[in-house]
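1. coordinates for the following, if possible.
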Amino acid sequence: MKLLINGERRDAVSGKTFTVRNPATGDVLGEAPLGGEDDVRSAVEAAGEAFADWSARNPRARAKILFFAAEEVRRRNTDLAALLTAEQGKPIREAVDEINGFANILEYYHALSAGERGEFANLRGYGRTIVLRRPLGVCGAIVPWNMPAIIMGWKIGPALTAGNTVILKPATTAPLTCMSLAEILEGAGLPPGVLNVVTGPGETVGREIARNPGIRKVSFTGEAGTGRQVALDAAPALKRVTLELGGSDPMIVCGDADIPMAVEGVVRGRFYNCGQTCTAVKRLYVFDSIADEFIRRLRSRVEALVVGNGMDRGVDMGPLNNPAGLERVMRLVDTVREHRDGEIVAGGRVPRGEEYERGFFFLPTLVAGLPHDSPLFSEEVFGPVLPIATVADLDEALERANDSRYGLGASVWTRSADLIARATEGLEAGIVWVNQHLKVPPEVPFGGTKESGIGRENGNRALEEYMEEKVVMIRL
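-> Just a heads-up that it's a prediction; the model follows:
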């Protein structure tokens with residue numbers, strides 16, 4: 001794989017590469033260029049030159065390219081999903097869904113392009129007023145490793161549809177799928193310089209994207225500390241930023257909930273992608289009245305999950321993506337064990353067996369009886385560990401759920417219309433699910449409150465984030 005700048009495959013200026021490995025086996029998948037500031041600057045120059053022609057095109061003509069690319073992505077789904085599983089670690093069925101999700105996003109923005117329009121008003125005494133919407137220019141997109149295809153789609157879909165050009169930085173542990181998707185877009189007719197891909201570390205490539213004055217907007221998905229740095233780096237140029245940051249999503253299970261359905265909601269909501277999803281269920285609050293039965297059923301279901309290489313048939317959960325993630329999860333669980341301030345209900349260790357020795361595996365884990373200030377409740381745990389607390393009623397559940405610096409997603413499980421109304425009104429989150437969790441179709445705006453970020457991705461709202469308004473007042 002090589003950098004994609006101005007439609008050309010290039011080596012990095014440094015001449016160096018970095019290795020991409022399979023997190024389940026440790027096997028080398030390939031090499032990617034070790035890009036740096038000079039590579040970003042070349043990409044910005046190419047994107048700036050491509051902007052005039054691309055932004056002047058009819059929106060439907062631009063969007064047709066996305067539609068043709070979506071068709072090719074679906075045709076190559078099997079190969080792309082296998083690549084995604086190999087570099088990221090998730091089970092193959094989850095990878096298939098993610099690749100299809102990328103195609104869905106491109107198709108959605110293709111459909112939305114037909115409705116792009118400004119506003120018109122005839123203001124008495126002022127004349128006729130027109131509000132024009134225009135693309136911003138060159139935009140930067142920094143994509144994480146946990147859901148690289150989907151989040152790449154969230155960023156480039158609206159940016160390209162609105163008429164912007166883009167510099168894309170994939171994560172260093174999972175760049176290959178993003179690079180392949182970029183090549184498909186190029187093959188579908190995207191002109192040179194419209195989408196440029198620069199691989200390399202965040203400290204160099206990411207920071208140059210945030211700092212470079214030729215980039216008018218940067219969209220970043222990642223952890224909160226890095227997001228703050230992106231905002232600081234972008235501030236001198238007063239560029240727009242969208243920050244989709246961490247989450248510590250609470251799930252509230254009320255006394256009247258459908259217990260089997262809620263148990264399945266926990267399993268999918270927490271252990272999908274090995275718990276490495278920003279909107280995963282990360283804190284579970286269960287009403288006292290059903291807690292014993294609920295935890296018993298949940299434990300049985302969790303202990304039955306099959307952990308292994310995502311390419312193997314029947315695997316429910318793959319490895320963590322990287323050694324740092326595994327080490328952090330192990331440290332948090334070991335702290336519980338050492339301090340004896342909670343009960344490890346299920347899991348809590350690396351699985352035993354020769355097949356697990358080279359990968360970053362950890363068993364799906366449930367922990368109960370923790371104090372309120374446990375790091376498992378207060379921090380974002382990006383891995384397959386779920387803390388469980390029991391609560392007396394919805395008031396206590398809401399108080400505990402909102403006691404967090406994060407506010408990305410939340411869910412409530414109940415049959416009561418009154419409890420639904422109170423919970424959806426009271427939960428401090430950018431998205432609240434009822435009797436479901438984790439689903440984010442491309443039609444709905446997505447983002448958080450508090451330290452979970454600023455701005456929104458997805459939906460018509462995302463198009464607005466990639467455009468600026470110009471008011472024209474005409475007096476005849």
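2. any low-confidence regions in the stretch 1-150 of the chain?
-> 115-117 (pLDDT under 70).
3. for residue 204, what are its contacts?
-> Contacts for residue 204 were tallied using Cβ atoms under 8 Å, 6 or more residues apart in numbering; they are 35-37. C-beta: built from backbone N, CA, C; applies to glycine.
4. try it again at 6 Å.
-> Remark: with contacts taken as Cβ atoms under 6 Å, 6 or more residues apart in numbering, residue 204 is in contact with 36-37.
5. got it, and the one 3 residues further on?
-> By Cβ under 6 Å, 6+ apart, the residues touching residue 207 are residue 233.
6. for the one 10 residues further on, same thing?
-> Under the criterion of Cβ under 6 Å, 6+ apart, the contact list for residue 217 reads 136, 139, 239-240.
7. between those residues, which is closest to residue 267?
-> The nearest member of the contacts of residue 217 to residue 267, counting by Cβ to Cβ, is residue 139 at 37.3 Å.
8. against residue 277, how distant is residue 146?
-> 6 Å (Cβ to Cβ, to the nearest Å).
9. looking at the two, which one has more neighbours?
-> residue 146 (26 against 23; other Cβ atoms under 10 Å).
10. which of the helices or strands spans residue 98?
-> helix 92-112 (DSSP states H and E).
11. next one: residue 182
-> With DSSP H and E as the test, residue 182 turns up in helix 176-187.
12. against which helices or strands is that helix packed?
-> helix 59-75, helix 77-88, helix 148-162, strand 195-197 (3 or more Cβ pairs under 6 Å, 6 or more residues apart in numbering; DSSP states H and E).
13. got the buried residues for the helix holding residue 98?
-> 92, 94-110, 112 (16 or more other Cβ atoms under 10 Å).
14. next: stretch 464-476.
-> Neighbour-count burial for stretch 464-476 [16+ other Cβ under 10 Å]: 465-467.
15. just these now: which is nearest residue 6?
-> Using Cβ to Cβ, the buried residues of stretch 464-476 come closest to residue 6 at residue 466, 21.1 Å.
16. helix/strand/coil for residue 437?
-> Assigned with DSSP: H, G, I helix; E, B strand; the rest coil, residue 437 falls in the coil class.
17. what number of residues lie near residue 296?
-> 12.
18. sorry, wrong one. I was asking about residue 417.
-> 8.
19. now it: how far from residue 53?
-> Counting by Cβ to Cβ, the gap from residue 417 to residue 53 is 54 Å.
20. go on, residue 169?
-> Taking Cβ to Cβ, one finds residue 169 at 24 Å from residue 53.
21. which one's more surrounded, those two?
-> For residue 169 versus residue 53, neighbours defined as other Cβ under 10 Å are more numerous around residue 169 (28 against 12).
22. beta partners for that one?
-> residue 142 (DSSP bridges).
23. looking at it, residue 158 is touching residue 466, isn't it?
-> Yes - counting by Cβ atoms under 6 Å, residue 466 is a contact partner of residue 158 at 5.2 Å.
24. so which residues make contact with the helix holding residue 182?
-> Against helix 176-187 from outside (Cβ under 6 Å, 6+ apart): 1, 4, 20, 69, 72-73, 83-84, 87, 148-149, 152, 170, 195, 197.
25. most neighbours among these, please name it.
-> residue 197 (30 neighbours).
26. in terms of helices and strands, where is the closest residue to it other than its chain neighbours?
-> Using Cβ to Cβ, 6 or more residues apart in numbering and skipping the chain neighbours, the partner closest in space to residue 197 is residue 4 (4.2 Å). For residue 4, the host element (DSSP H and E) is strand 3-5.
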